[in-house]
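S.K.: return a 3D structure for these sequence lines:
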Amino acid sequence: MEQQLQKEVSNALADLVQTLTLIDEKEINIVPFEGSWTAGQLAQHIIMSNSGFDELMNGPVKDTERKSDELIEGIRTSFLDFSHKMQSPDFVLPPKIDYNKHELLQSLSNIKEQLDKTLKGLDLTKTCTGFEIPVLGYLTRLEAAHFVLSHTKRHTHQLKNIAVKLASANNVSAN
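M.R.: Numbering: from 1, shown residues only. Sure, this is the predicted structure:
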């Protein structure tokens, strides 16, 4: 199960990186539609949050006093419900600045490598005590990995929508 989960997280991050590579460098900082982040902001948000999960899972832990997978279904259901807009906590809100696509891709690739190593070598049943996730509380490493997986899938879905919107805007302006 742990090997399968590591593969799923790795594939989700690879899909995000692949999607970001499809967006032109000149468009990385364009707001594609009202209320949206730019592709650069979305990538930075993932960098801010996912790097934190590597640190969380490698940080202090304790024995778990409940089922180690208790929160997974709620995490999955919440993040993969694309019909409702979620509000990001302030500490992982990406600044409104111009981003460099190459730097974003490099950071995302580094996070993927770090999480690959982390998920291969840890007891995922332990509860992480280094940080309490807003709304959810303290997660087990297993739940944290599923958080990264579902969160990454959600934002990859959004990034694909951004890419489509930017591409259609280019087609309209080219005609």
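S.K.: distance check, Ile47 against Gln3.
M.R.: 25 Å (C-beta to C-beta, to the nearest Å). In this view, the C-beta of every residue, glycine as well, is placed from N, C-alpha and C.
S.K.: and stretch 3-10, what's buried?
M.R.: Across stretch 3-10, burial judged by 16 or more other C-beta atoms under 10 Å covers 5-6, 8-10.
S.K.: please save the CA atoms from it in PDB.
M.R.: Output of stretch 3-10 as PDB, limited to C-alpha atoms (Å, rounded to 0.1, in the frame of the first residue of the first chain):
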ATOM      1  CA  GLN A   3       4.600   1.800  -2.400                       C
ATOM      2  CA  GLN A   4       1.300   2.400  -4.300                       C
ATOM      3  CA  LEU A   5       0.600   5.600  -2.400                       C
ATOM      4  CA  GLN A   6       4.200   6.800  -3.100                       C
ATOM      5  CA  LYS A   7       3.700   6.100  -6.800                       C
ATOM      6  CA  GLU A   8       0.300   8.000  -6.800                       C
ATOM      7  CA  VAL A   9       1.800  11.000  -5.100                       C
ATOM      8  CA  SER A  10       4.700  11.000  -7.500                       C
END
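S.K.: next, give phi and psi for the residue nearest the centre of the chain.
M.R.: Closest residue to the average C-alpha location of the chain: Thr152 at 3.3 Å, with C-alpha atoms, centre = their mean. Dihedral pair for Thr152: phi -70, psi -40, per degrees, to the nearest 10.
S.K.: ditto for Asn50
M.R.: phi -70, psi -30.
S.K.: now do Gly35
M.R.: phi 90, psi 0.
S.K.: on the three-state scheme, Glu8 is what?
M.R.: Classification of Glu8 by DSSP: H, G, I helix; E, B strand; the rest coil places it in helix.
S.K.: in the chain, which spans are strands?
M.R.: Using DSSP state E, the strands of the chain run over 61-62, 127-128.
S.K.: tell me which of these lies nearest to Val92.
M.R.: Using C-beta to C-beta as the measure, strand 127-128 is the one of the strands of the chain that comes nearest Val92, at 16.5 Å.
S.K.: where does this protein have its least confident helix or strand?
M.R.: helix 141-174 (a mean of 90; mean pLDDT, DSSP states H and E).
S.K.: which secondary structure elements does that one contact?
M.R.: Using 3 or more C-beta pairs under 8 Å, 6 or more residues apart in numbering; DSSP states H and E, the elements in contact with helix 141-174 are helix 2-21, helix 39-58, helix 72-79, helix 101-121, strand 127-128.
S.K.: before I go, just wanted to say thanks for your time.
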